[in-house]
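>>> Below is the sequence, then the predicted model.
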Amino acid sequence: MTNGWTDVANSDVVLVMGGNPAENHPVGFRFAMEAKRNRRARIVTIDPRFNRTAAVSDLFVPIRAGSDIAFLGGLLHYALERDLYHREYVETHTTAPFIVDEEFAFEDGFFSGWNAETRSYDKSSWGYQLDSAGYARIDPTLEHPQSVFQLMRTHYSRYTSETVASICGCTVEEFERAAEIICSTGNGGRAGTILYALGWTQHSHSVQLIH
């Protein structure tokens, strides 16, 4: 997790993935339980095992070990297609409006510059388009097809509920129920947090997971 305990206690939804805080971090997990008692917060646990955290959660979805990234990709697709994100924050504090080089593209999950023989990327096409002053061009509307936002939307469009279910081993209904609760924080009036230590942080794909 990257939030302070005060944020956890004031959350409306707590997503637990890659950890079992009720058992491994009981002192910290009391703040999630405080949110549940005082704010009627929903706790959603996504894990291969039914553990003590799952036992006190409002929803538990079992997934195959190692399929976390696919589940998270599905959440991104679900949120983007339903506009369940804090647009003002995204516009102002992220690279979403930045316009990427026209040469950048992707196909079948691979970005431009991929060399299958060396299994490495030539990232020369990954830069931003620059204005006359040398700054990255931006599109405040987030509609430009080469904006980070639209490229991300396109990239994650393949993570449909059916695809996520087939990869993760859950049902479509289980995924969409979890997505509905988790993405309900996609407006300025609600707050969500993620508890992921230490399963994600120690995973062989930890950078991708936490990113």
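Received it, and whenever you're ready, just let me know what you need.
>>> Residue 15 contacts residue 200, correct?
No. Judged on Cβ atoms under 8 Å, residue 15 makes no contact with residue 200 at a distance of 11.7 Å. All C-beta atoms are positioned from the backbone trio N, CA, C, and that covers glycine.
>>> What distance do you get for the residue sitting nearest the centre point of the chain to residue 103?
Centroid check for the chain by Cα atoms, centre = their mean gives residue 72 as the closest residue, at 4.8 Å. In this structure, residue 72 and residue 103 are 28 Å apart, going by Cβ to Cβ, to the nearest Å.
>>> go on, residue 139?
For residue 139, the distance to residue 103 equals 18 Å [Cβ to Cβ].
>>> low-confidence ranges in this structure?
1 (pLDDT under 70).
>>> for it, what spans make up the strands?
With DSSP state E as the criterion, the chain has strands at 13-17, 42-47, 59-62, 106-107, 110-111, 114-115, 120-121, 192-195.
>>> how far is the first one from where the chain is centred?
Its chain's C-alpha centre lies 11 Å from the corresponding centre of strand 13-17 when counted by Cα atoms, centre = their mean, to the nearest Å.
>>> same deal with the second one?
With Cα atoms, centre = their mean as the basis, strand 42-47 stands 14 Å off its chain's centre.
>>> if we can go back for a sec, if you count what's nearby, which of residue 139 and residue 103 comes out ahead?
residue 139 (18 against 12; other Cβ atoms under 10 Å).
>>> which ones are touching the more buried one?
Counting by Cβ atoms under 8 Å, 6 or more residues apart in numbering, residue 139 touches 97, 99, 147.
>>> With residue 111 instead?
Contacts of residue 111 by Cβ under 8 Å, 6+ apart are 104, 105, 121, 126.
>>> How about residue 50?
60, 62.
>>> Kindly report the same for the one 4 residues further on.
For residue 54, the contact set (Cβ under 8 Å, 6+ apart) comprises 45, 47, 60.
>>> So the second one is in contact with residue 64, correct?
Read that as residue 47. No. Using Cβ under 8 Å as the test, residue 47 is too far from residue 64 to be in contact (10.8 Å).
>>> out of these two, which sits in the busier spot?
residue 47 (21 against 13).
>>> So what pairs up with the more buried one in the strands?
Going by DSSP bridges, residue 47 is paired in beta bridges with residue 62.
>>> how much space between it and residue 182?
Using Cβ to Cβ, one obtains 14 Å as the distance from residue 47 to residue 182.
>>> now the helices: where do they sit in the chain?
5-9, 21-24, 26-39, 52-55, 68-81, 87-93, 148-156, 161-168, 172-182, 206-210 (DSSP state H).
>>> got the buried residues for the fourth one?
Using 16 or more other Cβ atoms under 10 Å as the test for burial, helix 52-55 gives 53, 54.
>>> Off-centre distance for that helix?
The answer for helix 52-55 is 22 Å, by Cα atoms, centre = their mean.
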